[in-house]
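# Sequence and computational prediction follow.
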Protein chains: 2
Amino acid sequence: MLKVEKHYFTFGASPHEQKLESGLTLGPVTIAYETFGNLNLNKDNAILICHAFTGDSHVAGVYEDDPPETPPGWWNFMVGPGKGIDTDRYFVICCNILGSCVGSTGPSSINPATNKPYGLDFPMVTIGDMVDAQKKVLDSLGITSLHSVIGGSIGGMQVLEWCVRYPGMVRSAIPIATTMRHSALAIAFNEVARQAIMADPKWNKGDYYHGSGPELGLAVARMVGHVTYLSDEAMRRKFGRKLQDKEDFSFNFGGDFQVESYLRYQGAKFVKRFDANSVLYITKAADYFDLTDKVNTEESLHDLSGSRSKFLVISYTSDWLYPTYQARELIQALKRTGQDVSFCEIEADCGHDAFLIQDNRLTKLIKGFLNGLTSG
Amino acid sequence: MLKVEKHYFTFGASPHEQKLESGLTLGPVTIAYETFGNLNLNKDNAILICHAFTGDSHVAGVYEDDPPETPPGWWNFMVGPGKGIDTDRYFVICCNILGSCVGSTGPSSINPATNKPYGLDFPMVTIGDMVDAQKKVLDSLGITSLHSVIGGSIGGMQVLEWCVRYPGMVRSAIPIATTMRHSALAIAFNEVARQAIMADPKWNKGDYYHGSGPELGLAVARMVGHVTYLSDEAMRRKFGRKLQDKEDFSFNFGGDFQVESYLRYQGAKFVKRFDANSVLYITKAADYFDLTDKVNTEESLHDLSGSRSKFLVISYTSDWLYPTYQARELIQALKRTGQDVSFCEIEADCGHDAFLIQDNRLTKLIKGFLNGLTSG
């Protein structure tokens, strides 16, 4: 098993705070990141992986001090020696996003101005701000050119934002199961999740770090999210109307169906590992995401004309959060600015989360694209 | 404007309680209902309309004592003199469903055993139990044969259940935007709504009628529901990424987008008119709904072979709660038991709630079907 180490990079101490899209500043900022494989002498074999909403920097492998049976990182089937993203060949980096709670600075971090957790005093961050923070980590490693930037869902939004903000650095980009502009439907689900958290009195306007937090509200928020990551087909196949440990209906509210138990389990598991305020901030960053030119929203991509990246856009047939028509809109917009774009829609019934599920088609697609760039 | 009166029929006083599918009994039971038009001498021109989840018996028109500008009932475009369901020709009845809170007995009603609201002491009721209670109302009116039973969503489930329980009474049936078996996806959304309510400390295990109830949790539950009643297309058309009374992003959690304001408004409006426990009971009834034979789930409809109804099944292209493939499954099951079935899928982008939105195609379809039966 690939052994990995978690690193931390801190920047932006006063008076060099990170300037945010909102106009506010933030600092110091710590970004947790992990690396896999070795950076070559030219420092040009680096691949940046951008994680999704509640992901983290732990893409693959296990930590040196992990007990046996610890499950590996979230994209272990994709990243490692000889795998789709081959760590024998590439130096892979993944940063925990700004605003999260798995090592990087976010609302649960200590606010140096008060010596207490930020809570809602944490400034709103955008996908662009997340990318800017990642750029600082790459600067610290002396990396000025990326073989590729790869990510799914809001990781894919970061991929696109990378191409806009640092076009000269990105030689190729693989946005997966994502969109160039968060839709009303996606905003609606995020807003429901936020309201579920904020409706919990234990949320206490974000100031709950001294005691137990809004666990019930956070669990409901996660349940909403989970339904959107799946699909009608997958839920039909996986759960149907099967009862959980029962011969017949209970005729009470304890839960009858396997799908109910599954959602409750996902909700309960999530509250142990994730911060409720981070859910608020990250969902908001996703909702704000809109790469289209504000003047001419249907036509062109904001500021992508400087990009010289090769794009591989990937979508899934059963993803109803970011459906294939949105990938097609992205492709059209990319082509209008003269980009080199390949596209693949993968037939899969597992919904938005399909890219997190082992699938040799995805592995081969990414491997072929990355290696084709090298030889080209 | 059609003037209507609300009636109440009470039955099931001890020892004649209603026997429920759970094995428990309930009594006395009051059912609120409204009638439109006149019952003919043969008492064979009656049409029963079954309302959806949070609907009520007030299908059309206004009450005698309504102030001016009061909006009419929920299917006013469909029901009235000369309309799709023509009250000059038919005697239209609609009952508030058992378990609801708009006049019929439900968890907010007084439990005669304690002289307090039932709360969670209210027994679980099923779609079949709702139909049995409606049957008592029809008995009281001397109606033994229905020209048609019509309803959308869980109203459509009642339509199907009517055909199963009282096949000799139902001459025709129009199930709209419905399913013969609640799917895992639909159960999942209902479970999220229930958990949102039950997560609110003011829910207090259903015992909240002495003070303010779980308004925040109920609002979140309604927001979840509302997203499922719409569609990606409709939300894109209606809201897109339009901001609410703003020039630019607020960079706070007060709400930026119109779709957020819309959902918050729907949530806040709902808590003023509906009981949280009724949401729990009615969603559970929908989740339990499964007309398929338990032994051979894919093949046949439970006990519909006795039906001699003519069916008009209607679905909508953008309904992702009960998509057209589920209407097709229903039709196949109906045909296997030898039923006379017509089917129409209506092209509309407004999602599950399309049947509640004025549309001449639906009106003409229903009118033609009903009048064709009369002349046939």
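Sure, I can see it.

# Grab the most central residue of chain A for me.
residue A:52 (1.5 Å; Cα atoms, centre = their mean).

# That one contacts residue A:151, correct?
Yes: in this structure, residue A:52 is within contact of residue A:151 by Cβ atoms under 8 Å, at 7.2 Å. In this view, the C-beta of every residue, glycine as well, is placed from N, C-alpha and C.

# what pairs with the worst-scoring helix or strand of chain A on mean pLDDT, and is each one parallel or antiparallel?
Every helix and strand in chain A was compared by mean pLDDT, DSSP states H and E; the lowest is strand A:3-4, with a mean of 82. When sheet partners are counted by DSSP bridges, strand A:3-4 sits next to strand A:62-63 (parallel).

# what pLDDT, on average, does the helix or strand following the partner strand get?
Note on strand A:62-63: by DSSP states H and E, the next helix or strand toward the C-terminus is strand A:79-80. Mean pLDDT, computed over strand A:79-80, is 96.

# likewise stretch A:266-280?
Rounded mean pLDDT across stretch A:266-280 is 97.

# quick check, that stretch touching chain B?
Yes: residues of stretch A:266-280 contacting chain B under Cβ under 8 Å from any Cβ of the partner chain: A:267, A:280.

# tell me which residues in that stretch are buried?
By neighbour count on 16 or more other Cβ atoms under 10 Å in any protein chain shown, the buried set for stretch A:266-280 is A:266, A:267, A:270, A:271, A:274, A:275, A:276, A:277, A:278, A:279, A:280.

# ok, back up a step: and the residue nearest to the residue nearest to the centre of chain A when sequence neighbours are not counted, what does it touch?
Among residues not flanking residue A:52 along the chain, residue A:153 sits closest, at 3.9 Å (Cβ to Cβ, 6 or more residues apart in numbering or on different chains). If you count contacts by Cβ atoms under 8 Å, 6 or more residues apart in numbering or on different chains, residue A:153 has them with A:52, A:53, A:176, A:177, A:178, A:321, A:322, A:352, A:355.

# hmm, 6 Å instead?
Residues in contact with residue A:153 (Cβ atoms under 6 Å, 6 or more residues apart in numbering or on different chains) are A:52, A:177, A:178.

# From chain B, how far off is it?
Distance, residue A:153 to chain B, by Cβ to the nearest Cβ, to the nearest Å: 17 Å.

# Same question for residue A:223.
5 Å.

# For that residue, what is the enclosing helix or strand?
helix A:215-229.

# low-scoring stretches of chain A, by residue?
A:293-303, A:374-376 (pLDDT under 70).

# can you do 50?
Applying pLDDT under 50 to chain A flags the ranges A:295-299, A:375-376.

# and it, what are its domains?
Here the domain parsing of chain A from automatic domain parsing is A:3-181+A:292-375, A:187-284.

# Surely residue A:354 and residue A:348 touch.
Yes: because the distance of 4.5 Å satisfies Cβ atoms under 6 Å, residue A:354 is recorded as touching residue A:348.

# which residues of the stretch 201-350 of chain A fall in helices?
Assigned by DSSP state H, counting those that start in this stretch, the stretch 201-350 of chain A shows helices spanning A:215-229, A:232-238, A:258-273, A:276-288, A:324-336.

# neighbouring contacts of the longest one?
Residues external to helix A:258-273 that are found in contact with it (Cβ under 6 Å, 6+ apart): A:215, A:218-219, A:222-223, A:226, A:239, A:242, A:244, A:255, B:184, B:187-188, B:191.

# same question, the shortest one
Around helix A:232-238, the neighbours that count as contacts under Cβ under 6 Å, 6+ apart are A:318, A:349, A:350, A:351, B:184, B:185.

# Looking at those, spot the one nearest residue A:342.
Distances from residue A:342 to those, taken as Cβ to Cβ, are shortest for residue A:318 (21.2 Å).

# Now do the phi/psi pair for that closest one.
phi -100, psi 10 (degrees, to the nearest 10).

# So it is in contact with residue A:349, correct?
Yes: assessed by Cβ under 6 Å, residue A:318 is found in contact with residue A:349 at 5.0 Å.

# so residue A:193 makes contact with residue A:222?
No: at 7.8 Å, residue A:193 and residue A:222 do not qualify as touching, with contact defined as Cβ under 6 Å.

# Can you tell me the closest non-neighbouring residue to residue A:320?
Spatial nearest neighbour of residue A:320, excluding adjacent residues (Cβ to Cβ, 6+ apart): residue A:231 at 6.5 Å.

# so where do the strands sit in the stretch 1-150 of chain A?
Here the stretch 1-150 of chain A has its strands, by DSSP state E, counting those that start in this stretch, at A:3-4, A:6-11, A:18-19, A:25-26, A:29-36, A:46-50, A:62-63, A:79-80, A:85-86, A:91-95, A:110-111, A:116-117, A:148-152.

# how about those strands in a markdown table, adding mean neighbour count?
Shown next, in a markdown table, are the strands of the stretch 1-150 of chain A (neighbours: other Cβ atoms under 10 Å in any protein chain shown):
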| stretch | mean neighbour count |
| --- | --- |
| strand A:3-4 | 18 |
| strand A:6-11 | 16 |
| strand A:18-19 | 17 |
| strand A:25-26 | 18 |
| strand A:29-36 | 22 |
| strand A:46-50 | 28 |
| strand A:62-63 | 17 |
| strand A:79-80 | 26 |
| strand A:85-86 | 22 |
| strand A:91-95 | 27 |
| strand A:110-111 | 14 |
| strand A:116-117 | 16 |
| strand A:148-152 | 28 |
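
# Touching stretch A:309-319 from outside, list them.
By Cβ under 6 Å, 6+ apart, stretch A:309-319 touches A:163, A:170, A:172-177, A:231, A:233, A:324, A:327, A:331, A:334, A:339-349, A:351-352, A:354, A:369.

# Now that we have those residues, which of them are buried?
A:163, A:170, A:172-177, A:231, A:233, A:324, A:327, A:331, A:334, A:339, A:341, A:344, A:346, A:348-349, A:351-352, A:354, A:369.

# Next step: these restricted to strands.
The strands, defined by DSSP state E, take in A:172, A:173, A:174, A:175, A:176, A:341, A:344, A:346 from the buried ones among the contacts of stretch A:309-319.

# and these as TSV, adding distance to chain B?
Below are these laid out as TSV (distance: Cβ to the nearest Cβ, whole Å):
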residue	distance to chain B
A:172	29
A:173	23
A:174	25
A:175	19
A:176	20
A:341	23
A:344	22
A:346	20
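
# Mind picking the one among those residues that's closest to residue A:134?
Distance to residue A:134, by Cβ to Cβ, is smallest for residue A:173 among these, at 13.7 Å.
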